[in-house]
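Participant: Fold the following and give me the result.
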Amino acid sequence: MPTLNWIGKDAVINHDKEVPFRLLKKVKSASVGNSQNLILHGDNLHALKALMPYYTGKIECIYIDPPYNTGSEKWVYNDKVNSPKIRRWLKKIVDRDDLCKHDKWLCMLYPRLKLLKDLLSQDGIIFISIDDNEFAQLKLLCDEIFGESNFISMLSIENNPKGRKNSAFISVSNEYCLIYAKDKNISYFVENIPKGAKDLALDENGVYVHNSGKRVLVGENKFNPVVENFESSKHYSVYYNKSKNEIITVKERSIHDKNTDLLNKGYKRYYSYFEDKFVLNTYTASKIKQLFENDALDFKNGKIYEKNFSTKIRIKSLVTNSKYVAVIDNEKKEYQIDVKTTSAGTELKNLFGAKKIPFDNPKNIGLIKLLVTLFERKDITILDSFAGSGTTGHAVLDLNKEDEGNRKFILVEMEDNVAKDITAERVKRAIKKYDYKDGFEYCELSKPLFDEEGQIEDTCDFDQFATYIYFTETQTNIDPANVSGNFIGEYAETEYYLIYKEKGENVLSKSFLKKLRKTDGTKIIYADKCLLDEATLESHNIIFKQIPYEVKVY
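Facilitator: Next up, the predicted model:
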């Protein structure tokens, strides 16, 4: 496979491993409630490394909107790579006249993409917005990091219908979104798998399942159930005789009723539940026969399925104001997707009550919602490490309210004047205006806990360990006001304790039991050793865990 080379590549190939693991410190005054949603202020390279002990292999969806390197963005290369060549770039604005602008951009993005790949779950997906300036370089870079075989698609997005003048000849109206899988073979976005492939099976809901157990989207070979629930008062069975090409529909009291006379005459029985809320409305005998004759139905596991009927939007390009069809809870819905930057700017301006847009070129929540809904699960975590105006967080909260989902977001923004005043403020205002039911924790990067090798720093103290352990367990930040002695906090009716003075000298013994709170909840206690037997642990609802002196994330 061809690889991309550039100035400084040799110096950044392992730069992601040179960054230490830092702690996260909650800023209570900038947060909204206690939530597993995070807005993290700090250099996104260090922020991604800080997230790794908690989230490696656990993020299902990543969306990033990195600098497009247009020459007018005034972004600055700040990574302190141990290279004289690169050190000359530090703190210098990358403009359109910079002869090394592509090299700097690639050096900036390379280690971040490596960390993002580590954070992705095995069936996870990454979406990357980009325009003409770095599209070619980004495609080759992603082929190298994620593997060319894990490339899923490239969406063309018409975000500026009127176009913007890009040269003397062309008015540009589109941007792009590259889509890669961590492992396309088990990702939800598997495409073009031949019908009847040996490693796929169709489950009872009409969804192809890979032999790994994951649900998959299978190009035009996807089958969806015409219906999948039953009610005795509205149950029909379909009897089909293939040799005669005849069908007979029978209304029956329950799925257990069978017309033995038809079965004895060579008819095969298929059952279904017909009700107006399902696609194609009420199925009449004539309608079913028409579907049969057009070879539009298939039979699997005793049920009827309509061919080529997708629960997902099949898209290659998004055109503003065009109508799209999606299927939600088996109901076909036609709607428009707004992906324009102009309306995104209007939304942001109105939210802030400002005369002008407080952030240049914000992304539209319609685009992010569309990408997120390509995942059927409603409890995934979405990470955006170039958070900007906070569109991703706003979109996740809006989508959760719309479909009662429980998705979580992690936003990272490095600019001091953006993270708190725009990213977090935008999400805070949206929560208040639209009555979203969740909040977020606003965090900053604290001092290193582990070094670049994953070994605990010698200077680590009780407070650092408590902060790390509590976030590992709860994905929320510790409140120092709740720490009392060895008790470090409570979450979801579970209490957390830490026994730590010096490495190797921290023992959970019977004498410690008198320090426990008199509650019936589970108590998780971290120490180096446990001298209590299983019966004692069980009688006190104690779970013992060893203090983690190193983190393994590679």
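
Participant: mind checking the backbone torsions on the nearest residue to L109 once chain neighbours are set aside?
Facilitator: Closest residue to L109 apart from its sequence neighbours, by Cβ to Cβ, 6 or more residues apart in numbering: P66 at 6.0 Å. Every C-beta, even on glycine, is put in place using the N, C-alpha and C of the backbone. Main-chain dihedrals, P66, degrees, to the nearest 10: phi -70, psi 170.

Participant: if I pick P66, what's in contact with it?
Facilitator: By Cβ atoms under 8 Å, 6 or more residues apart in numbering, the contact list for P66 reads L109, I128, S129, I130, F386.

Participant: possible to save those as a markdown table with distance to Y496 and neighbour count?
Facilitator: Shown next, in a markdown table, are the contacts of P66 (distance: Cβ to Cβ, whole Å; neighbours: other Cβ atoms under 10 Å):
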| residue | distance to Y496 | neighbour count |
| --- | --- | --- |
| L109 | 38 | 24 |
| I128 | 37 | 24 |
| S129 | 39 | 22 |
| I130 | 43 | 23 |
| F386 | 33 | 19 |
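
Participant: sorry, back to before: for the residue nearest to L109, give its distance to E175.
Facilitator: Remark: distance between P66 and E175 (Cβ to Cβ, to the nearest Å) = 12 Å.

Participant: quick one: common contacting residues for these two?
Facilitator: Residues touching both P66 and E175 (Cβ under 8 Å, 6+ apart) are S129, I130.

Participant: and this structure, what are its domains?
Facilitator: 9-189+339-447, 222-306, 458-546 (automatic domain parsing).

Participant: In a markdown table: the ones you listed, plus distance to P2 and mean pLDDT.
Facilitator: Output for the domains of the chain, formatted as a markdown table (distance: least, Cβ to Cβ, whole Å; pLDDT from 0 to 100):
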| stretch | distance to P2 | mean pLDDT |
| --- | --- | --- |
| domain 9-189+339-447 | 7 | 91 |
| domain 222-306 | 33 | 55 |
| domain 458-546 | 40 | 91 |
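
Participant: quick one, which of the ones you listed is packed in tightest?
Facilitator: domain 9-189+339-447 (a mean of 19; mean count of other Cβ atoms under 10 Å).

Participant: Compute the first-to-last residue distance for that domain.
Facilitator: 28 Å (Cα to Cα, to the nearest Å).

Participant: Same question for stretch 258-268.
Facilitator: Termini of stretch 258-268 sit 11 Å apart (Cα to Cα).

Participant: next one: stretch 124-136
Facilitator: Using Cα to Cα, the two ends of stretch 124-136 sit 23 Å apart.

Participant: go on, stretch 381-388?
Facilitator: 18 Å.

Participant: Please apply the same query to stretch 484-495.
Facilitator: 12 Å.

Participant: again with stretch 35-50
Facilitator: End-to-end for stretch 35-50, by Cα to Cα: 18 Å.

Participant: and if you look at stretch 91-111?
Facilitator: So stretch 91-111: terminal residues 18 Å apart, Cα to Cα.

Participant: so how far is it off the chain centroid?
Facilitator: 28 Å (Cα atoms, centre = their mean, to the nearest Å).

Participant: Test my guess that K268 contacts K242.
Facilitator: Yes - when contacts are counted by Cβ atoms under 8 Å, K268 is listed as touching K242 (7.5 Å).

Participant: show me where the stretch 301-450 of the chain has strands.
Facilitator: Along the stretch 301-450 of the chain, counting by DSSP state E, counting those that start in this stretch, strands occupy 303-307, 317-318, 323-328, 331-336, 381-384, 408-413, 441-450.

Participant: So which elements touch the last one?
Facilitator: What that stands for is strand 441-450. Applying 3 or more Cβ pairs under 8 Å, 6 or more residues apart in numbering; DSSP states H and E, we find strand 441-450 packed against strand 21-26, strand 38-41, helix 44-55, helix 462-474.

Participant: what comes into contact with the longest one?
Facilitator: Taking contacts as Cβ under 8 Å, 6+ apart, the residues outside helix 462-474 that touch it are 23-25, 36, 53-54, 446-447, 449, 476-478, 480, 483, 488-489, 491-492, 494, 496, 498, 500-501, 524, 526, 547-548.

Participant: quick one, that helix and strand 21-26 angle?
Facilitator: 80 degrees (axes from the mean of the first three to the mean of the last three Cα atoms, to 10 degrees).

Participant: angle of helix 462-474 against helix 44-55?
Facilitator: 70 degrees.

Participant: Heading C-terminal from helix 462-474, find the next helix or strand.
Facilitator: strand 487-491 (DSSP states H and E).
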